[in-house]
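Undergrad: Any chance you could fold what I've pasted below:
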Amino acid sequence: MSGTSAEFADTSAIDGYHAHVYYDAATRGEAERLRAAIGAGFATRLGRWHDAPVGPHPTSMYQVAFTVDQFARLVPWLMLNRGPLTVLVHPETGDDYTDHSQHALWLGTPLPLDLEVLRRKPA
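TA: Next comes the predicted model:
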């Protein structure tokens, strides 16, 4: 591999992660089941239920906030246990736009986010 480490982002900029669990009326029960299991099995902060689109998210969702040290446990578990739900996992680096777009990891079918609401306003 050529190049210097200065060409790559420093992962120490990651303060934590968010997982956004998307659902609709047909999958709300699955979302509830998954949320209960996450709360029982992992050290996370479970966000509020949003039964309508909020921010860049195009459909109902709740957020799961977790620390860097929980990533290796929680994300593989979500891969195997999310059922029919789509989950967006992204780091928290302080740049919401890039975190939700370039740094995003999708479990399931990616959804079209309204990224314009995350763009930083010029000072």
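Undergrad: I'd say residue 55 and residue 100 touch.
TA: No - between residue 55 and residue 100 there is no contact under Cβ atoms under 8 Å: 9.1 Å. C-betas here are computed from N, CA, C, even on glycine.
Undergrad: joint contacts of those two?
TA: Among the neighbours of residue 55, those also in contact with residue 100 (Cβ atoms under 8 Å, 6 or more residues apart in numbering) are residue 118.
Undergrad: Compare the two (neighbour count), which wins?
TA: Shown here are residue 55 and residue 100; by other Cβ atoms under 10 Å, residue 100 has more neighbours (22 against 15).
Undergrad: May I have stretch 62-71 as CSV, with CA atoms only?
TA: Extracted in CSV, the C-alpha atoms of stretch 62-71 (Å, rounded to 0.1, in the frame of the first residue of the first chain):
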residue,chain,number,x,y,z
TYR,A,62,-35.9,5.3,16.5
GLN,A,63,-32.3,5.9,17.3
VAL,A,64,-29.9,3.8,19.3
ALA,A,65,-26.8,5.6,20.5
PHE,A,66,-23.8,3.5,21.5
THR,A,67,-20.2,3.9,22.4
VAL,A,68,-17.2,2.9,20.2
ASP,A,69,-16.5,-0.1,22.4
GLN,A,70,-20.0,-1.5,21.8
PHE,A,71,-19.7,-1.5,18.0
